[in-house]
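Trainee: the sequence isn't on hand, but the structure is:
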């Protein structure tokens, strides 16, 4: 028990170190996205208590040097990692088994099984939507100041280019700034989902490789989006047709929740590659297209994820998945 708390303390100090390194130079700024790794490692390797210790250590250190930004980083990155770790460690209902729970390790009858990854994915999507809404409210309350700041930062775009003419005129710059502010909350929500997903998956992989994982790794290919996500996504997109500001809020909720079906679509692609034996020959060009083609490719993968809800291709590929608890 005592070792667990000490481990949580070390993980929290590691998160503080990442924050300090992120503020050294622009080249290291991306390290801020690795802050959830500390609480995730503490939670997945030692339990929810040590994960909370890691998050609180980060909070105390961060707010000492930068009260406002430290509190925001705690709420946005450290605390969600604690909550997701806690959810990941919950046991499935008694007697409920299936490919979505991941392989048993050691004594099959006694080994704890990780809950299905679908509810975790739902929580990630819901958290991203909440972060996006918070960003929209924050930007909306300071829209004039944010507009002036971006106009000043982008002012060089109105200066003469190599050909002698201005790259953008004043009206074009204004439209660019307004579009950026409109898209920012949506981008923040989607980025949050990706950051938390990558940190959680990597933390579980590290814990497993060290033999310290509290739960066996779930079968990610068998992830099934909870049914409530579809209703939330549809409701958000319908609300997006309403006048502003409700329309913008609904659009954020609908699109960020769609990331859950993006993940399910990717899981379907991996299941298909495994079934056909094509492996890297299919996945490498797929991900190249995913990164190069633009918004059309993620949209197509979301559609695949939605179709999988009805087709259930992976039921035939690796045994029945079953609908997640709604």
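Mentor: Thanks, I have the structure now. All values derive from a computational prediction rather than experimental measurement. Residues are numbered from 1 along each chain as shown.
Trainee: listing request: residues of the stretch 151-300 of the chain with sub-threshold pLDDT.
Mentor: Applying pLDDT under 70 to the stretch 151-300 of the chain picks out residues 157-169.
Trainee: quick check, residue 19 in contact with residue 62.
Mentor: Yes - applying C-beta atoms under 8 Å, one finds residue 19 in contact with residue 62, separated by 6.2 Å. Using the backbone N, CA and C atoms, a C-beta is placed for each residue, glycine as well.
Trainee: shared neighbours, those two?
Mentor: residue 73 (C-beta atoms under 8 Å, 6 or more residues apart in numbering).
Trainee: which SSE is immediately downstream of the helix or strand hosting residue 175?
Mentor: Using DSSP states H and E, residue 175 maps to helix 170-209. Next helix or strand after helix 170-209 toward the C-terminus (DSSP H and E): helix 227-239.
Trainee: how about the helix or strand following that next one: buried residues?
Mentor: Beyond helix 227-239 in the direction of the C-terminus, DSSP H and E gives the next helix or strand as helix 246-276. For helix 246-276, a neighbour-count test (16 or more other C-beta atoms under 10 Å) marks 248-274 as buried.
Trainee: quick one: helix 246-276 to chain centroid distance?
Mentor: A distance of 12 Å separates the centroid of the chain from that of helix 246-276, by C-alpha atoms, centre = their mean, to the nearest Å.
Trainee: got it, and stretch 139-156?
Mentor: So, by C-alpha atoms, centre = their mean, the centroid of stretch 139-156 is 27 Å from its chain's centroid.
Trainee: begin at 57 from now on, thanks
Mentor: In the new numbering, first residue 57, that becomes stretch 195-212.
Trainee: got the buried residues for that stretch?
Mentor: By neighbour count with 16+ other C-beta under 10 Å, stretch 195-212 contains the buried residues 195, 202, 203, 206.
Trainee: those into CSV, with extra columns for secondary structure?
Mentor: Formatted as CSV, the buried residues of stretch 195-212 follow (DSSP: H, G, I helix; E, B strand; the rest coil):
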residue, secondary structure
195, helix
202, helix
203, helix
206, helix
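Trainee: with respect to residue 266, which of those is nearest?
Mentor: Closest approach to residue 266 among these (C-beta to C-beta): residue 195, at 41.1 Å.
Trainee: contacting residues around residue 176?
Mentor: 140, 143, 144, 256.
Trainee: let me know the helix or strand that it is in.
Mentor: Judged by DSSP H and E, residue 176 forms part of helix 173-197.
Trainee: let me know the average pLDDT across that helix.
Mentor: The predicted model assigns helix 173-197 a mean pLDDT of 92.
Trainee: which positions within it qualify as buried?
Mentor: 173-192, 195.
Trainee: re earlier: out of the contacts of residue 176, who's nearest residue 95?
Mentor: Nearest member of these to residue 95, counting by C-beta to C-beta, is residue 140, at 8.9 Å.
Trainee: helices or strands next to the one helix or strand the closest one maps to in the packing?
Mentor: Element membership for residue 140, per DSSP H and E: helix 135-144. The contact analysis (3 or more C-beta pairs under 8 Å, 6 or more residues apart in numbering; DSSP states H and E) places helix 135-144 against helix 93-102, helix 104-121, helix 173-197, helix 226-265.
Trainee: how much space between residue 58 and residue 263?
Mentor: Per C-beta to C-beta, to the nearest Å, residue 58 is found 19 Å from residue 263.
Trainee: neighbour count for the two, which is higher?
Mentor: Each of residue 58 and residue 263 has its neighbours counted (other C-beta atoms under 10 Å); residue 263 has more, 21 against 6.
Trainee: ok, the more buried one touching residue 100?
Mentor: Yes - Residue 263 is in contact with residue 100 according to C-beta under 8 Å; the separation is 4.7 Å.
Trainee: ok and the helix holding residue 231 relative to helix 173-197, angle-wise?
Mentor: 150 degrees (axes from the mean of the first three to the mean of the last three C-alpha atoms, to 10 degrees).
Trainee: next, the buried residues of helix 226-265.
Mentor: Buried residues in helix 226-265, counting neighbours by 16+ other C-beta under 10 Å, are found at 229, 233, 237, 240-242, 244-246, 248-249, 251-253, 255-256, 259-260, 262-264.
Trainee: ok, so of the buried residues of stretch 195-212, who is nearest residue 269?
Mentor: For these, the minimum distance to residue 269 (C-beta to C-beta) is 39.2 Å, reached by residue 195.
Trainee: show me what contacts the closest one?
Mentor: Neighbours of residue 195 in contact, by C-beta under 8 Å, 6+ apart: 202, 237, 240, 241.
Trainee: report how many residues lie close to residue 300.
Mentor: Residue 300, neighbours per other C-beta under 10 Å, totals 9.
Trainee: hang on, the earlier thing: now the two most distant members of the contacts of residue 176.
Mentor: Within the contacts of residue 176, two members stand farthest from each other by C-beta to C-beta: 143 and 256, at 10.4 Å.
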